[in-house]
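In: Just to be clear, the model below is a prediction. Sequence and coordinates:
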Amino acid sequence: MNNILATRWIFFLQPLVLGAWFPRIPQMQALLDLSAGQLAIALMGMPLGLLAALSIGGKLSEWLGTRRLLTAAFVAQTLCLPLPSFATSGVLLFGFLAVAGLALALAELGLNVTASEVEARAGRHIMNVSHGCWSIGVLCGSAIGSLCAAWHIAPNHSLIAVGFVSAIPAIWIARQITNFAVVPSSSDEPKKRGISKGLIFISLFAFGVAMSEGAMADWSAVYFTEIFAATPGVAGASYTIFALCVAIGRFQGDHLKARFDVAVLGQSFALLALAGLLVLIFSNSATTAFIGISLFGLGLSIGFPVAVSAASVLPGRSSAGNVAVLTQMTLCGFLIGPPMIGFVAEHSSMRGGLAALVPVLGMALYFARHLSSSARTVSP
């Protein structure tokens, strides 16, 4: 199995258990008798775990290399991601999500560092398609989680099963990928070992995109239910359509990146996402809202992949160090989005909750211009 194909497979397999967790969140909320505000606080545990991984992620990847990092990350993820389903209180849910966030951060770092190294050596764009595979993995995991819920399989049993079933082939495939040694920066200027302005700007762009994407994972179905009185089937289809549009956009992203300036692409897709969000917020019918959520998904699709490629080649630090910062910032955005929407919606309305994403996307649009200076020139 060649490196590119293997990379796509592990991008698909890694998020299956995460996707299987999302549909079980309402069930855990009911089991623990948590209000919307209490659940929002508990969900903050995972972003805090991600932040804890920020200080060690880059150094760990430099020490282990890509193959051992991937292997360790998949083992950690398999053991830790089911933990939240064992929580017996909101406090334990917060703590278990923090541990799960730490494992998830290492897995995501392993994926992105590996894809960055494979892309650099293959001389062709692979990042967008790889993340398209990740989107399909989340979608499949979500479908599995929904089926398990419908079949009354306990959340902890289903997450353990999905974790082990996905980890076994993932670890085997990861062992087939070339073990790239992640070389630390050789810069003679100590200050460049810190986080550069370019990395901060690219991370803020990706943060805004990821926060918007994460918000849809937990609140799209709720939005359609509350605003349009949609049936469970129609409401559930809203996230399915959103995720499919994200995947479609990502599968086209590498070809677009080879033909257009990456900053122009980032700005254009951010504008498309903003337009889709406004259509979704001001829709008077579910049909129009479906159009809005489709445009929203397409607009968000290429944001994180192009940011990873741009950050990985910034000078002054190793690619792993740059990608570690970006990955943690982006995952925090992905996981902070849902509780933020919950807090705003609790004090206003669901339309108001989604409207809180407008300035977030405005930030992404503004910082998209910083993608060009780091773009890597490779073929599609």
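Out: Arrived safely, thanks for sending.

In: so where is this protein shaky, pLDDT-wise?
Out: Regions of the chain meeting the criterion pLDDT under 70 cover residues 36, 54-55, 57-58, 181-194, 232-233, 316, 373-380.

In: Tell me where the longest helix sits in it.
Out: Of all the segments of type helix in the chain, defined by DSSP state H, the longest one is helix 45-80.

In: The helix or strand following that one vs helix 45-80, what angle?
Out: Toward the C-terminal end, the helix or strand that comes next after helix 45-80 (DSSP states H and E) is helix 90-122. In terms of direction (axes from the mean of the first three to the mean of the last three C-alpha atoms, to 10 degrees), helix 90-122 departs from helix 45-80 by 80 degrees.

In: My guess is Ala100 contacts Pro84. True?
Out: Yes. Using C-beta atoms under 8 Å as the test, Ala100 is close enough to Pro84 to be in contact (5.9 Å). Where you see a C-beta, it was placed from the backbone N, CA and C, and this is true even at glycine.

In: sorry, back to before: could I get the buried residue list for the longest helix of the chain?
Out: By neighbour count with 16 or more other C-beta atoms under 10 Å, helix 45-80 contains the buried residues 45-54, 57-58, 60-62, 64-74, 76-80.

In: residues in contact with Ser146?
Out: Pro23, Gly236 (C-beta atoms under 8 Å, 6 or more residues apart in numbering).

In: Can you say which helix or strand has it in it?
Out: Under the criterion of DSSP H and E, Ser146 resides in helix 127-150.

In: Could you export that helix as CSV, CA atoms only?
Out: Listed in CSV are the C-alpha atoms of helix 127-150, where the atom choice follows Å, rounded to 0.1, in the frame of the first residue of the first chain:
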residue,chain,number,x,y,z
MET,A,127,-4.4,17.4,2.1
ASN,A,128,-7.9,18.3,1.0
VAL,A,129,-8.8,14.8,-0.2
SER,A,130,-7.4,13.3,3.0
HIS,A,131,-9.6,15.6,5.1
GLY,A,132,-12.5,14.7,2.7
CYS,A,133,-11.9,11.1,3.9
TRP,A,134,-12.0,12.4,7.5
SER,A,135,-15.4,14.0,6.8
ILE,A,136,-16.7,10.7,5.4
GLY,A,137,-15.4,8.9,8.5
VAL,A,138,-17.2,11.3,10.8
LEU,A,139,-20.4,10.9,8.8
CYS,A,140,-20.1,7.1,8.9
GLY,A,141,-19.3,7.1,12.6
SER,A,142,-22.3,9.3,13.2
ALA,A,143,-24.6,6.9,11.3
ILE,A,144,-23.2,4.0,13.3
GLY,A,145,-23.8,5.9,16.6
SER,A,146,-27.4,6.7,15.5
LEU,A,147,-28.1,3.1,14.6
CYS,A,148,-26.7,1.9,17.9
ALA,A,149,-29.0,4.4,19.7
ALA,A,150,-32.0,3.2,17.7
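
In: ok, back up a step: which residues are common contacts for Ala100 and Pro84?
Out: The contact lists of Ala100 and Pro84 share no entry, where a contact means C-beta under 8 Å, 6+ apart.

In: ok, the nearest residue to Pro84 once chain neighbours are set aside to Pro23 distance?
Out: If you skip the residues right next to it in sequence, Pro84 has Phe96 as its closest partner in space, 4.4 Å away by C-beta to C-beta, 6 or more residues apart in numbering. With distances taken as C-beta to C-beta, to the nearest Å, Phe96 is found 18 Å from Pro23.

In: same thing with Val17?
Out: Relative to Pro23, Val17 is positioned 12 Å away (criterion: C-beta to C-beta).

In: Please apply the same query to Met127.
Out: Separation of Met127 from Pro23 (C-beta to C-beta) stands at 28 Å.

In: quick one, which of these two is more surrounded?
Out: More crowded of Met127 and Pro23, by other C-beta atoms under 10 Å: Met127, with 29 against 24.

In: The more buried one reaches Ser309, doesn't it?
Out: Yes. Proximity of Met127 to Ser309 meets the contact threshold set by C-beta under 8 Å, at 4.9 Å.
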